[in-house]
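Asks: below is the sequence, then the predicted model.
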Amino acid sequence: MRGISISRMLAMIAIFAAFAVIIAACEDDASDDAAVDTDDTPAATDDAADDAADDAAEATDTWHGERDIVLADYNWDSAILLNRIAEFILEEGYEYSTDTIPGETIPLFQGQRDGDIDISMEIWVDQMPPYEPALEAGEVVELGNSVDDTVQGWWVPTYMIEGDEERGIEPMTPDLRHVDDLPQYWEVFQDPEDSDKGRLYDGIAGWEAERINEVKFDYYGLDEYYNRFLPGSGAALDTSLMTAYQQGDPWLGYMWTPTWVAGQLDLTLIEEPEYSDECWEEVQAAVEEERTPETSCAWPVTEAVIAATTGFAEEAPDVIEFLENFNTNESHISAVLAYMIDNDAESEEAAQWFLQEFDDLWSDWVPDDVADNVRAALQ
């Protein structure tokens, strides 16, 4: 074995020493990294806890307005007016933003079931077949009545029966009281497009009311004496009545309250057999089965209800509390709708008139600070 020189040995010792320094440095770095990770862990945990706390607070807080509150703009005057009243209070009182989607009854309510619409301000339960299934499925929650004591049916101007001495109108159908009296007066209501029959102005095609009128019309045998005329819109139906009334002409047709015509014109409801639950179930069954019912009767006196999607109700408890307190009656809404006609006012202006005229009513729906905000905005 050959011997190792002193110089070579010293060089090897230097190399080993260098390796030792490198290894020690690596161990220190690893220790520092571990320390850093250990220090960072509580910070990360704290951040996560803070985020969870924020989320929990947000979930239990009131509506934050991350998006518009969307209302169903059903295509009749009272529903549109109720929307404008609610929108003004939500925007000016609660400082939320709102939007509306206009359309027909059934498609709009389906949009609410799908979650695209948050609130319906005027649902006539008897004319909304999908409503009860949606309620039972937990898709919507009922918040109470928006309008009490709504009435619908077939009406004539009162001057048809009693005359109008001031306007020089003689009674044209003096004995008209009941639906059974209509056949003897068909010539008075002669259809301008069919001289062999009278004309009854019906609801709008696609409305549940129009479908109900069809089966009732058939049951009473009126198809032998009258044609059902379907106006193209609620406004067209109103115009047909208003035009006839102003000229003192005959008019027979479907109408409901509250409407502006009920608030402005003197109308008489044609009597039908007395309402019963059993009769109405048969009428509705006949509608669904597209047949003539075995019996028929007067429409029920109903309340129009407010409904919100279940998800929105959970997100916006302050809005829900307001809507649960919201309530008007037929005379309030008819008066406001008549104001619209008398003053050629849009629904937004009429809503503000309502809020000014009926402060004692609506101020009970909301907290004091919200009411103060609304009053300030009305100035």
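Replies: Yep, it's here.

Asks: low-confidence stretches in the stretch 251-379 of the chain?
Replies: Per-residue confidence for the stretch 251-379 of the chain (pLDDT under 70) gives these ranges: 262-263.

Asks: quick one: the helices in it, in order.
Replies: Remark: helices of the stretch 251-379 of the chain, listed N- to C-terminal, are 260-264, 277-289, 310-315, 317-325, 330-342, 347-357, 359-362, 368-378; assignment by DSSP state H, counting those that start in this stretch.

Asks: out of the ones you listed, the one nearest Ala205 is which?
Replies: Checking these against Ala205 by C-beta to C-beta gives helix 277-289 as the closest, at 14.2 Å. Every residue, glycine included, has its C-beta placed from N, CA and C.

Asks: packing partners of that closest one?
Replies: When contacts are defined as 3 or more C-beta pairs under 8 Å, 6 or more residues apart in numbering; DSSP states H and E, helix 277-289 sits against helix 208-219.

Asks: following the helix it packs on, which helix or strand shows up next?
Replies: Tracing the chain past helix 208-219, the next element assigned as helix or strand by DSSP states H and E is strand 226-229.

Asks: Gly354 - how many residues pack around it?
Replies: Gly isn't right for residue 354; it's Phe. A count of neighbours around Phe354, defined by other C-beta atoms under 10 Å, yields 24.

Asks: show the pLDDT at Thr41.
Replies: Per-residue pLDDT puts Thr41 at 39.

Asks: what of Met1?
Replies: In the predicted model, Met1 carries a pLDDT score of 36.

Asks: ok, now Trp124?
Replies: Per-residue confidence for Trp124 comes out at a pLDDT of 87.

Asks: tell me what it is bridged to.
Replies: Judged by DSSP bridges, the bridge partners of Trp124 are Ala304.

Asks: measure how buried it is and give me the count.
Replies: Other residues near Trp124 number 23, with proximity taken as other C-beta under 10 Å.

Asks: tell me the contacts of it?
Replies: Listed by C-beta atoms under 8 Å, 6 or more residues apart in numbering, the contact partners of Trp124 are Thr150, Glu208, Thr302, Ala304.

Asks: so the third one makes contact with Glu122?
Replies: No. Between Thr302 and Glu122 there is no contact under C-beta atoms under 8 Å: 11.2 Å.

Asks: neighbour count: these two, which is higher?
Replies: Taking other C-beta under 10 Å, Thr302 and Glu122 do not tie; Glu122 has more neighbours (23 against 18).

Asks: doesn't that one lie inside a helix?
Replies: No. Under the criterion used here (DSSP: H, G, I helix; E, B strand; the rest coil), Glu122 is strand, not part of a helix.

Asks: got a pLDDT number for the spatially most central residue of the chain?
Replies: Among the residues of the chain, the one closest to the centroid is Ser120, at 1.6 Å (C-alpha atoms, centre = their mean). Model confidence at Ser120, expressed as pLDDT, equals 98.

Asks: who's it bridged to?
Replies: When bridges are taken as DSSP bridges, the partners of Ser120 come out as Ala307.

Asks: please report how far it lies from Trp207.
Replies: Relative to Trp207, Ser120 is positioned 15 Å away (criterion: C-beta to C-beta, to the nearest Å).

Asks: follow-up on the earlier one: need the helices of the stretch 251-379 of the chain in TSV with distance to Pro192, can you?
Replies: Shown next, in TSV, are the helices of the stretch 251-379 of the chain (distance: least, C-beta to C-beta, whole Å):
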stretch	distance to Pro192
helix 260-264	21
helix 277-289	29
helix 310-315	48
helix 317-325	45
helix 330-342	25
helix 347-357	32
helix 359-362	44
helix 368-378	46
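
Asks: quick one on the thing from earlier: now the contacts of Trp124 in a markdown table, with distance to Phe312?
Replies: Supplementary listing: the contacts of Trp124 in a markdown table, determined by distance: C-beta to C-beta, whole Å:
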| residue | distance to Phe312 |
| --- | --- |
| Thr150 | 25 |
| Glu208 | 25 |
| Thr302 | 24 |
| Ala304 | 19 |
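
Asks: which of the residues you listed lies closest to Ala335?
Replies: Scanning the contacts of Trp124 for proximity to Ala335, where the rule is C-beta to C-beta, the winner is Thr150, at 14.9 Å.

Asks: for the nearest residue to Glu208 once chain neighbours are set aside, give me its contacts.
Replies: Of all residues not flanking Glu208 in the chain, Gln127 sits nearest, at 3.7 Å (C-beta to C-beta, 6 or more residues apart in numbering). Applying C-beta under 8 Å, 6+ apart, we find Gln127 in contact with Thr105, Trp207, Glu208, Ala209, Ile212.

Asks: now the residues you listed in a markdown table, with neighbour count and distance to Tyr159?
Replies: Conversion of these to a markdown table gives the following (neighbours: other C-beta atoms under 10 Å; distance: C-beta to C-beta, whole Å):
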| residue | neighbour count | distance to Tyr159 |
| --- | --- | --- |
| Thr105 | 23 | 32 |
| Trp207 | 22 | 27 |
| Glu208 | 17 | 31 |
| Ala209 | 20 | 25 |
| Ile212 | 23 | 27 |
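
Asks: so which of the residues you listed is the closest to Pro367?
Replies: Distance from Pro367 was checked for each of those by C-beta to C-beta. The minimum falls on Thr105, at 32.7 Å.

Asks: Ala304 contacts Asn145, doesn't it?
Replies: Yes. Under the criterion of C-beta under 8 Å, Ala304 makes contact with Asn145 at 6.5 Å.

Asks: compare those two (neighbour count), which wins?
Replies: For the pair Ala304 and Asn145, the greater number of neighbours falls to Ala304 (25 against 18), based on other C-beta under 10 Å.

Asks: distance of the more buried one from Val287?
Replies: 20 Å.
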